[in-house]
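Engineer: Pasting a predicted model and its sequence here:
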Amino acid sequence: VSAQEELLKIQRQLLDKREEEITAVQSTAQQEMKSFAAILEKGCASALAPKKIQTAIAAASEDRGCNIIIHGLEELNDKSDELETQLKCLFAELDEAPKVISMGRMGKRSQTVRPVKVVLRNRDTQTAILRKKSCLKGTEKFSKVFISPDRTLEERNERKKLVDRLKDMIKKSPDKHYAIRGKDVVEVPSDT
């Protein structure tokens, strides 16, 4: 029985390794295709139909579908193993143990804490983490941490407009409760 368990363990490790290799090859192929698409777009901008451009933008948005951005995670130093440890603790608070493909701080080191971009294996994991993100508010260690999906520049601009609209509505009627649902600001019933 012990030998069978050991064999199963080795097989699982081999499968995990194979999945990592396949993911790496897929990632490289996607990056090369994006580079090729960028060259074509620059050289043949007038030849591309608007429909094709929209399809390319949708594909780029899908690439972000497995990513999350974590804001407010304390920046201890540049070591990736410390960042990995912090992320494991954060995910443990959410009762999640996702397969992380890559992670890293975004931007140059400065006085402010840089956001962390985490690339997850699949969209389901991203969705599960985003659903549980509000649980972090009740923790001592991660109460100032905010998790959001990886958005394109256009999506970030749309979101900013919604947030500004939400703030205006709260100023006008501070006794009411509002929230962003989808692409709209709606009034929600209060807890009292």
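Structural biologist: Structure's in. What do you need?
Engineer: Give me the neighbour count for residue 168.
Structural biologist: 12 (other C-beta atoms under 10 Å). C-beta: built from backbone N, CA, C; applies to glycine.
Engineer: Quick one: list the elements packing against the helix or strand hosting residue 28.
Structural biologist: When elements are assigned from DSSP states H and E, residue 28 belongs to helix 2-43. Packing partners of helix 2-43 (3 or more C-beta pairs under 8 Å, 6 or more residues apart in numbering; DSSP states H and E): helix 50-63.
Engineer: Check which element follows the helix or strand of the chain with the lowest mean pLDDT along the chain.
Structural biologist: Every helix and strand of the chain was ranked by mean pLDDT, DSSP states H and E. The lowest is helix 50-63, at a mean of 59. Using DSSP H and E, the next helix or strand after helix 50-63 towards the C-terminus is strand 67-71.
Engineer: and residue 108, that one's in a strand?
Structural biologist: No - read with DSSP: H, G, I helix; E, B strand; the rest coil, residue 108 is coil and lies in no strand.
Engineer: Now do the contacts for it.
Structural biologist: By C-beta atoms under 8 Å, 6 or more residues apart in numbering, the contact set of residue 108 is residue 114.
Engineer: which other residues reach stretch 75-93?
Structural biologist: For stretch 75-93, the external contacting residues (C-beta under 8 Å, 6+ apart) are 70, 73-74, 97-98, 100, 103-105, 109, 113-114, 116, 118, 129, 135-136, 139, 141-142, 145.
Engineer: How far does that stretch sit from its chain's centre?
Structural biologist: On the basis of C-alpha atoms, centre = their mean, to the nearest Å, stretch 75-93 sits 16 Å off its chain's mean C-alpha point.
Engineer: next one: stretch 117-137
Structural biologist: Centroid separation between stretch 117-137 and its chain, computed with C-alpha atoms, centre = their mean, is 7 Å.
Engineer: which stretches of this protein have low pLDDT?
Structural biologist: 1, 34, 36-63, 78-80, 191-192 (pLDDT under 70).
Engineer: Identify the residues contacting the spatially most central residue of the chain.
Structural biologist: In the chain, the C-alpha nearest the mean C-alpha coordinate belongs to residue 68, at 1.2 Å (C-alpha atoms, centre = their mean). Residues in contact with residue 68, defined by C-beta under 8 Å, 6+ apart, are 117-118, 120, 126, 129-130, 147-150.
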